[in-house]
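*Asks:* How does the following fold in three dimensions:
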Amino acid sequence: MTDDDTLARALASNQTIAPVLVVDLEATCCNEGTIEPGRMEIIEVGAVWAMPSGQVIDQFQSFVRPIERPQLTRFCLELTHIEQANIDMAPSWSTVASELARFAQLHQRSGSFWGSWGAYDRRQVERECARHSIADPLARLPHQNLKASFAKARNIKQVGMSRALQIAGLELDGEHHRALSDALNIAKLLPLCPPP
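*Replies:* Predicted structure coming up:
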């Protein structure tokens with residue numbers, strides 16, 4: 001039976017299968033230690049609503065203009081392949097957070113949560129909201145650390161998203177260290193990340 005068959009049977013039997021919001025962020029960074037983790041700023045948000053089977057039903061992407069370090073380091077440019085011009089023309093976190101909050105409500109149902117590959121993304125959203133003195137756009141949804149769930153289900157140490165895909169026998173699609181591509185890849189791992 002395929003994942004689509006399972007979903008169709010559940011819907012036909014009036015079972016509610018809650019979609020999951022997967023979020024991935026890219027942030028200002030440097031390999032010389034000049035930007036400590038607490039001072040990193042979000043520069044790109046990628047998010048997808050996906051069924052627990054991994055089937056993506058909606059997606060969101062936006063660049064974000066940082067306020068403390070608007071000029072990206074060479075390391076950050078090379079790691080993410082994000083162009084400085086994209087950041088220069090991007091809206092502020094306050095604007096993107098409002099858009100993300102609206103997206104986070106589109107498919108939310110009882111049992112929905114938002115997940116990220118590790119706790120970094122949750123902490124970064126909290127830091128960014130504190131920096132801008134705004135409400136957390138994801139506060140209505142509980143968070144799940146999908147990286148920890150994947151590792152616990154296999155009784156292994158936590159691994160990066162690309163390594164998890166290898167372990168699962170799945171291909172890394174798109175460009176790694178780009179927020180939407182990473183969110184789409186993480187969504188493929190949802191069936192292997194049981195709730196805690």
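
*Asks:* what ranges do the strands span in the chain?
*Replies:* For the chain, strands defined by DSSP state E occupy the ranges 20-27, 42-50, 56-63, 114-116, 143-145.

*Asks:* Against which helices or strands is the second one packed?
*Replies:* In other words, strand 42-50. The elements that strand 42-50 packs onto, with contact taken as 3 or more Cβ pairs under 8 Å, 6 or more residues apart in numbering; DSSP states H and E, are strand 20-27, strand 56-63, helix 74-80, helix 93-106, helix 120-132, helix 179-188. In short, each C-beta sits where N, CA and C put it, glycine included.

*Asks:* For my notes, please list the strands of the chain in TSV and give distance to G33, mean pLDDT and mean neighbour count for each entry.
*Replies:* Output for the strands of the chain, formatted as TSV (distance: least, Cβ to Cβ, whole Å; pLDDT from 0 to 100; neighbours: other Cβ atoms under 10 Å):
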stretch	distance to G33	mean pLDDT	mean neighbour count
strand 20-27	15	98	26
strand 42-50	19	98	24
strand 56-63	25	98	17
strand 114-116	24	98	26
strand 143-145	26	98	19
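
*Asks:* Which of those strands sits closest to A130?
*Replies:* A130 lies closest, by Cβ to Cβ, to one member of these: strand 42-50, at 12.4 Å.

*Asks:* Now do that closest one: distance to the chain's middle.
*Replies:* In terms of Cα atoms, centre = their mean, to the nearest Å, the centre of strand 42-50 is found 5 Å from the chain centre.

*Asks:* Mind listing the strands it pairs with, and their directions?
*Replies:* Next to strand 42-50 in the sheet, as set by DSSP bridges, lie strand 20-27 (antiparallel), strand 56-63 (antiparallel).

*Asks:* wait, what's in contact with A164?
*Replies:* Going by Cβ atoms under 8 Å, 6 or more residues apart in numbering, A164 touches W117, K147, F150, L189, L192.
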